[in-house]
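Chemist: got a structure for you, letters missing:
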């Protein structure tokens, strides 16, 4: 159900698509990036995950077969603060990573101390989607690069760390990665168990120390299985070093879960460690400037964002009962902005193709009308092509960077940067 207030907000946002753009201000395309705020690169697949370093350089993680090969590999590409390929990174701005000689798929990217780059992938040989079939297990692997793009051989086993496989799971896949205190690495994900029609999904989480070794204090061997949840879709360290997950429960609802240092659910948070809002399909989690927690998901026929206080209760001062609607069909990607946030997603203009778009919300759930055009920023990255948002990240000086795919005859990587 959409609340009257949020319905009016969505109507106002959609109407602003046809309004005249304001002068250069928050939410407008940043012309110092790519010349007009947009970068589209052929030869690169979509930006499945992005991160921005302290120098304003954008790193994009994707996967595709390397030229001349048939198996999918990871590709990390770095763009300068001006949007040009950073030729000092790897070979001409990109680094190929063949994790194990098998199929590798992009899951998450994060930047730590000294600009080191941590990525997460799932890797295996069989069809990635043939789960609960008794076939080969898929594994979760974490890899760290130095700022130059070279493997950081001080991490794990010469730059790689394969997480322990749960013998009860047929398939394990990461969804996101974060780097926290002392270089600790957090990974969220899920696994499958069962046989044939009796196939079930369960959330998993892992923690490594700064050297890439499994944190034995976390679940005994660095990996925990969370039978209360079907998926952990995202992960962030909070200010206390606890692990915050975007949590998809086994029933309806979307929200967050908080794990203690031993891998157990923090029972002081929400209901026995899990905080939920009405809806389904958690998409992203973000810690706001005041410590509250924003989570995006699907609700009714559209999408919504819920904000929880630090104890896991819906923030009564935010929106209607702690939630607001967004104009996107699926859950939005979230970027903190002061005590509020920017929600990024894919949006169609009536009768036209799909574009990258973003809406700025203030700390009370109201739309920040100083952002973009009456609160909405929208841009087309490819003429005669649909664009799809896959990722978003905070940029330097409070800017917002959005990544995804520019479709067409050949898919291309698309990046968009908005002013603060």
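Modeler: Structure received. Quick caveat, the model's predicted, so the values are computed rather than measured.
Chemist: any low-confidence regions in the stretch 151-300 of the chain?
Modeler: 170, 196 (pLDDT under 70).
Chemist: please enumerate the helices of the protein.
Modeler: 4-15 (DSSP state H).
Chemist: so where do the strands sit in the stretch 301-420 of the chain?
Modeler: Here the stretch 301-420 of the chain has its strands, by DSSP state E, counting those that start in this stretch, at 302-308, 323-326, 333-337, 340-348, 354-361, 376-379, 387-394, 400-406, 412-418.
Chemist: could I get those strands as TSV with distance to residue 74 and mean pLDDT?
Modeler: Bear in mind the C-beta positions are built from the backbone N, C-alpha and C, glycine included. Converted to TSV, the strands of the stretch 301-420 of the chain look like this (distance: least, CB to CB, whole Å; pLDDT from 0 to 100):
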stretch	distance to residue 74	mean pLDDT
strand 302-308	29	95
strand 323-326	30	96
strand 333-337	20	98
strand 340-348	23	95
strand 354-361	23	96
strand 376-379	28	96
strand 387-394	15	96
strand 400-406	15	96
strand 412-418	14	96
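Chemist: let's have the ones you listed in JSON lines, adding mean neighbour count and distance to residue 76.
Modeler: Formatted as JSON lines, the strands of the stretch 301-420 of the chain follow (neighbours: other CB atoms under 10 Å; distance: least, CB to CB, whole Å):
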{"stretch": "strand 302-308", "mean neighbour count": "25", "distance to residue 76": "29"}
{"stretch": "strand 323-326", "mean neighbour count": "25", "distance to residue 76": "30"}
{"stretch": "strand 333-337", "mean neighbour count": "24", "distance to residue 76": "19"}
{"stretch": "strand 340-348", "mean neighbour count": "25", "distance to residue 76": "21"}
{"stretch": "strand 354-361", "mean neighbour count": "25", "distance to residue 76": "21"}
{"stretch": "strand 376-379", "mean neighbour count": "22", "distance to residue 76": "25"}
{"stretch": "strand 387-394", "mean neighbour count": "23", "distance to residue 76": "13"}
{"stretch": "strand 400-406", "mean neighbour count": "27", "distance to residue 76": "13"}
{"stretch": "strand 412-418", "mean neighbour count": "26", "distance to residue 76": "12"}
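Chemist: could you export those as TSV, including distance to residue 63?
Modeler: Formatted as TSV, the strands of the stretch 301-420 of the chain follow (distance: least, CB to CB, whole Å):
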stretch	distance to residue 63
strand 302-308	26
strand 323-326	28
strand 333-337	18
strand 340-348	20
strand 354-361	21
strand 376-379	25
strand 387-394	12
strand 400-406	12
strand 412-418	12
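Chemist: out of those strands, nearest to residue 246?
Modeler: For the strands of the stretch 301-420 of the chain, the distance to residue 246 is smallest for strand 333-337, at 9.6 Å, taking CB to CB.
Chemist: before we move on, the earlier item: so which of the strands of the stretch 301-420 of the chain is nearest residue 53?
Modeler: strand 387-394 (10.3 Å).
Chemist: that closest one packs against which elements?
Modeler: strand 49-52, strand 333-337, strand 340-348, strand 354-361, strand 400-406 (3 or more CB pairs under 8 Å, 6 or more residues apart in numbering; DSSP states H and E).
Chemist: report the angle between that strand and strand 412-418.
Modeler: Counting by axes from the mean of the first three to the mean of the last three CA atoms, to 10 degrees, strand 387-394 lies at 50 degrees to strand 412-418.
Chemist: quick one: distance of strand 387-394 to the chain centre.
Modeler: Relative to its parent chain, strand 387-394 has a centroid offset of 8 Å by CA atoms, centre = their mean, to the nearest Å.
Chemist: same question, stretch 86-98
Modeler: Counting by CA atoms, centre = their mean, stretch 86-98 comes out at 22 Å from the chain centroid.
Chemist: average pLDDT across it?
Modeler: Averaging pLDDT along stretch 86-98 yields 94.
Chemist: contacts for that stretch, please.
Modeler: The contact list for stretch 86-98 (CB atoms under 8 Å, 6 or more residues apart in numbering) reads 44, 57, 66, 71, 73-80, 85, 104, 119, 121, 143, 145, 148-149.
Chemist: ends of that stretch, what's the gap?
Modeler: 21 Å (CA to CA, to the nearest Å).
Chemist: in that stretch, which of the residues would be classed as buried?
Modeler: Burial within stretch 86-98, assessed by neighbour count using 16 or more other CB atoms under 10 Å, is assigned to 86, 89-90, 93-97.
Chemist: switch those residues over to TSV; also include distance to residue 341.
Modeler: TSV is the format used below for the buried residues of stretch 86-98 (distance: CB to CB, whole Å):
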residue	distance to residue 341
86	28
89	29
90	32
93	30
94	31
95	31
96	34
97	31
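Chemist: between those residues, which sits nearest residue 308?
Modeler: For the buried residues of stretch 86-98, the nearest to residue 308 is residue 97 (35.5 Å; CB to CB).
Chemist: fine, thanks again, bye for now.
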